[in-house]
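> Coordinates only, no sequence provided:
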């Protein structure tokens, strides 16, 4: 059977970036789509483009951090399509700030959306994925779920947690012999609005951070990321690392161990002097 043709795929954070690219690539491959985002304007544009490609689409404004909302959404999607085969827990937000300067509420918000949003989406849809007989959970972590960097402690915490949660889930599905594949995705520098829309700690310059990300770190298109993710899904990969820089830094951290932290800290101090 085709990995995507006729399959029901749920994509959160589908209003822009990787989420939109995933939705449109899935549409081209013949999937039936349940798309959501808190950005209803961006979501409507994604829906329009997906329908123009011939896809059957349901769209909803959903905040993945709201657990009861996600549980109700999962049941509603199944009521619409009869089943769900694939869930792409993609929705996320950014935040830049040192631990010393960050407020508890800022850290909590990142954890609520970037970690609990993934947990909520996974838990809400997992029974339906098992029932489908051909399920797949795809959780979006980050390069920052493989290595830690200064100024991203909250984001690192969430994305490392997504990695641990997802890798454990994959093993549980194997032990239970459930018909559900599990993939954890670690994108590097992708040209999305995540940095430009990110909040920052007090006394930090959001514009400087966003400009640096857009000019120096955003190396790959969302379309390239989506293709890499779907290729990984098709092959049943446990982990998908996107971008040469993400692969290189992952290797560096595994080769030199915790010493990578000093290398990264030196690089940040050199190229991001405003962080000092």
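It's in. Fair warning: this is a prediction, and the values are worked out from it, not measured in the lab. Residues are numbered from 1 along each chain as shown.
> and the gap between the closest residue to residue 222 other than its chain neighbours and residue 225?
Ranked by Cβ to Cβ, 6 or more residues apart in numbering and with sequence neighbours excluded, the top spatial neighbour of residue 222 is residue 21, at 3.8 Å. (C-beta placed from N, C-alpha, C; glycine too.) Residue 21 sits at a distance of 6 Å from residue 225 (criterion: Cβ to Cβ, to the nearest Å).
> ok, back up a step: beyond the helix or strand harbouring the residue nearest to residue 222, next helix or strand please.
Element membership for residue 21 (DSSP states H and E) is helix 17-28. Using DSSP H and E, the next helix or strand after helix 17-28 towards the C-terminus is strand 32-37.
> can you state the direction angle for that next one and helix 17-28?
Compare the direction of strand 32-37 with that of helix 17-28 by axes from the mean of the first three to the mean of the last three Cα atoms, to 10 degrees and you get 160 degrees.
> So which elements touch strand 32-37?
Under the contact definition 3 or more Cβ pairs under 8 Å, 6 or more residues apart in numbering; DSSP states H and E, strand 32-37 sits against strand 8-11, helix 17-28, helix 40-52, strand 57-61, helix 67-81.
> Format these as TSV; extra columns: distance to residue 159.
Shown next, in TSV, are these (distance: least, Cβ to Cβ, whole Å):
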stretch	distance to residue 159
strand 8-11	19
helix 17-28	14
helix 40-52	22
strand 57-61	25
helix 67-81	19
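> For those, give me CSV that also has mean pLDDT and mean neighbour count.
Output for the helices and strands packed on strand 32-37, formatted as CSV (pLDDT from 0 to 100; neighbours: other Cβ atoms under 10 Å):
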stretch, mean pLDDT, mean neighbour count
strand 8-11, 98, 26
helix 17-28, 98, 25
helix 40-52, 98, 17
strand 57-61, 98, 17
helix 67-81, 98, 16
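> out of the ones you listed, nearest to residue 149?
Nearest to residue 149, of all the helices and strands packed on strand 32-37, is helix 17-28, at 19.7 Å by Cβ to Cβ.
> any idea how far that closest one is from the chain center?
Between the centre of helix 17-28 and the centre of its chain there are 13 Å (Cα atoms, centre = their mean, to the nearest Å).
> One more: stretch 6-23?
10 Å.
> can you list contacts of the helix holding residue 21?
Outside helix 17-28, the residues that touch it by Cβ atoms under 8 Å, 6 or more residues apart in numbering are 4, 9, 11-14, 33, 35, 37, 42, 45-46, 49-50, 53-55, 57, 88, 90-91, 140, 187, 190, 192-194, 221-223, 225-227, 229-230.
> Can you select the buried ones among those residues for me in PyMOL?
A single PyMOL command suffices to select whichever of these are buried according to 16 or more other Cβ atoms under 10 Å:
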select buried, resi 4+9+11+12+13+14+33+35+37+42+46+50+53+55+57+88+90+91+140+187+190+192+193+194+222+223+225+226+229+230
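> which SSE is the residue lying closest to residue 111 once chain neighbours are set aside in?
Distances taken as Cβ to Cβ, 6+ apart place residue 158 nearest to residue 111, at 5.4 Å, with adjacent residues excluded. Assigned by DSSP H and E, residue 158 belongs to helix 153-176.
> The next helix-or-strand element following that helix pairs with which strands?
Per DSSP H and E, the first helix or strand lying C-terminal to helix 153-176 is strand 180-187. Strand 180-187 pairs in its sheet with strand 135-140 (parallel), strand 239-242 (parallel), by DSSP bridges.
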